[in-house]
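> Next input, structure requested:
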Amino acid sequence: MSVNQRNGAALGLLAGTTFGSGIGFLLGWHSYDLVISVAAGGILGIAGGIWLSCRILFKELP
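All right, here's what the predicted structure looks like:
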């Protein structure tokens, strides 16, 4: 599988929403607090995934 920004965004969304959901459930949040936690994790995950895929794509990482 080639690395590009779409793959990075998709994997970042998956990782971010999973992380946000896990944190929300560990803190015992319900309803709106949990939705905000998952959405924030997803947005941060997408940004991180795109950033990392660009770094890998342009060979800036070893």
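
> Let me see the contact set for the nearest residue to residue 47 once chain neighbours are set aside.
The shortest distance from residue 47 to any residue that is not its chain neighbour, by C-beta to C-beta, 6 or more residues apart in numbering, is 7.2 Å, and that residue is residue 12. To be clear about C-beta, it is placed using only N, CA and C from the backbone, and glycine gets the same treatment. The contact partners of residue 12, by C-beta atoms under 8 Å, 6 or more residues apart in numbering, come to 45, 46, 47, 48, 49, 50, 52.

> Any figure for the gap between the fourth one and residue 16?
By that I understand residue 48. Relative to residue 16, residue 48 is positioned 7 Å away (criterion: C-beta to C-beta, to the nearest Å).

> and if you look at the fifth one?
Using C-beta to C-beta, residue 49 is found at 8 Å from residue 16.

> what secondary structure does the residue nearest the centre of the chain sit in?
With distances taken as C-alpha atoms, centre = their mean, residue 45 lies nearest the centre of the chain, 1.8 Å away. Here residue 45 is helix, with the state taken from DSSP: H, G, I helix; E, B strand; the rest coil.

> measure the closest residue in space to it that isn't next to it in sequence to residue 58 for me?
Counting by C-beta to C-beta, 6+ apart, residue 16 is the residue found nearest to residue 45 once chain neighbours are left out, at 1.9 Å. For residue 16, the distance to residue 58 (C-beta to C-beta) stands at 22 Å.

> buried residues in whichever strand or helix holds residue 6?
Using DSSP states H and E, the element containing residue 6 is helix 5-26. With burial defined by 16 or more other C-beta atoms under 10 Å, the residues of helix 5-26 counted as buried are 7-9, 11-13, 15-17, 19-21, 24.
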